[in-house]
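1. just to be clear, the model below is a prediction. Sequence and coordinates:
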Amino acid sequence: MNGDQETIAVVVVTYHSEAVLPELLDSLGPGLAGLSWHLTIADNSADPAALATLRRLAPTARIVDLGRNAGYAAGINAAVAAAAAYTAILVLNPDVRLAPRCGPELLSVLRRTGAGIAVPRLERADGSALASLRREPTLLRALGDAVLGGHRAGRLSLGELVLGERHYRTESTADWATGAAMLIAAECWRRCGPWDESFFLYSEETDFALRARDAGLATVLAPGARAVHLEGDSKRSPWLWTLLTLNRIRLYRRRHRLGPVLAYWAVLLLREVSRAATGNPASRAAAAALLRPSRLRATPGPRG
């Protein structure tokens with residue numbers, strides 16, 4: 001299939017994202033230059049004023065009102081279901097800004113490699129590199145992260161983070177990648193989608209990429225594709241960090257037996273307790289949640 005036959009469904013999930021969305025919208029034209037594309041936005045705010053703002057900012061987009069905060073995966077699924085015909089899906093966070101020709105570079109790598117997912121090189125707003133590639137969560141990698149710290153373990157290839165410029169200069173294959181910006185082949189979505197809405201937020205992209213990998217559809221970095229990601233506040237917010245930590249357990253539990261799951265839980269608890277001892281309020285909240293079985297059994301959802 002050549003580029004003239006391709007149509008990209010750009011899907012964005014918003015939740016009171018009016019402050020950051022305009023810059024993403026401004027970047028789509030240069031970022032997708034030469035491609036046929038259309039935009040669908042799924043909104044989780046259930047706020048008429050927010051919806052009116054979205055329609056003003058993106059008058060040609062399809063706007064899907066979920067009517068509640070249904071979670072990130074639910075928003076992705078709703079946007080894809082509502083989108084017009086496509087040959088690939090470009091999932092973007094509202095706080096992402098595409099560099100010029102990011103989309104064509106992603107599509108070229110996706111088709112040339114036969115991958116299921118292609119991701120760009122991510123940068124912070126100041127231009128510094130973001131490590132976006134990840135290894136599959138394992139007990140030993142969780143232990144490496146807990147004992148050495150995520151970045152040190154990543155540099156030694158003992159953690160989940162894939163660090164080192166050599167991995168980001170070439171078309172590297174990873175077990176998964178952060179979901180801020182990813183191009184998904186339509187065939188990959190057909191075989192592995194939709195995203196699992198039970199996670200609500202965090203780990204849904206991990207689950208999808210691992211299922212794609214299991215089906216023989218890799219996640220590949222397109223080194224010539226670049227995007228800026230402003231990032232959120234998951235490491236600072238006790239609620240968000242707790243949700244992220246609990247979802248790590250939930251994901252691991254789906255892919256492993258009880259014994260390894262209990263060991264994985266213990267390692268995550270060690271990590272959060274050790275960080276809580278340094279005064280980290282997010283880790284203190286996560287450690288408390290890990291010690292409450294009801295939190296692990298509960299289905300994630302918005303804060304009440």
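-> Done, it's in. It should be emphasised that the depicted structure is a prediction, and the values quoted were computed from it without experimental measurement.

2. what's the spacing between Tyr241 and Gly193?
-> To be clear, residue 241 is Trp; Tyr isn't right here. 28 Å (Cβ to Cβ, to the nearest Å). Any C-beta I mention is one placed from the backbone N, CA and C, and that applies to glycine too.

3. of those two, who's got more company?
-> Each of Trp241 and Gly193 has its neighbours counted (other Cβ atoms under 10 Å); Trp241 has more, 24 against 18.

4. can you tell me the helix or strand for that one?
-> Using DSSP states H and E, the element containing Trp241 is helix 238-255.

5. and the next helix or strand after that helix, how far out from the chain's middle?
-> Downstream of helix 238-255, the first helix or strand assigned by DSSP H and E is helix 258-276. Chain-centre distance of helix 258-276: 23 Å, with Cα atoms, centre = their mean, to the nearest Å.

6. what helices and strands are in contact with the helix holding Trp241?
-> If contacts are counted by 3 or more Cβ pairs under 8 Å, 6 or more residues apart in numbering; DSSP states H and E, helix 238-255 sits against helix 204-214, helix 258-276, helix 281-290, helix 293-297.

7. got the contact list for the last one?
-> Residues lying outside helix 293-297 but in contact with it, judged by Cβ atoms under 8 Å, 6 or more residues apart in numbering, are 242, 246, 249-250, 289-290.

8. now do the contacts for Leu201.
-> Applying Cβ under 8 Å, 6+ apart, the residues contacting Leu201 are 71-72, 240, 243, 247, 300.

9. got any ranges where the stretch 201-304 of the chain has weak pLDDT?
-> 232-235, 303-304 (pLDDT under 70).

10. doesn't Glu205 make contact with Asn247?
-> No - judged on Cβ atoms under 8 Å, Asn247 makes no contact with Glu205 at a distance of 10.9 Å.

11. which of those two has more residues huddled nearby?
-> Glu205 (25 against 20).

12. the more buried one and Leu39, how far apart?
-> Counting by Cβ to Cβ, the gap from Glu205 to Leu39 is 20 Å.

13. for Gly75, which non-adjacent residue is closest in space?
-> Val13 (3.3 Å; Cβ to Cβ, 6 or more residues apart in numbering).

14. run me through the strand neighbours of the helix or strand hosting the one you found, direction for each.
-> Here Val13, judged by DSSP H and E, is contained in strand 7-14. Here strand 7-14 is paired, per DSSP bridges, with strand 36-43 (parallel), strand 88-92 (parallel).

15. so for His167, which of those strands sits nearest?
-> strand 88-92 (21.6 Å; Cβ to Cβ).

16. report the next helix or strand after that closest one in sequence order.
-> Scanning onward from strand 88-92 (DSSP H and E), the first element met is strand 96-98.

17. for that following strand, what is the average pLDDT?
-> The predicted model assigns strand 96-98 a mean pLDDT of 98.

18. ok, now stretch 176-195?
-> 97.

19. quote the end-to-end distance of it.
-> Stretch 176-195 has an end-to-end distance of 14 Å (Cα to Cα, to the nearest Å).

20. mind listing what's buried in stretch 93-104?
-> For stretch 93-104, burial by neighbour count (16 or more other Cβ atoms under 10 Å) applies to 93-99, 101-104.

21. okay, now the domains of the chain?
-> Following automatic domain parsing, the chain resolves into domains at 3-229, 238-297.
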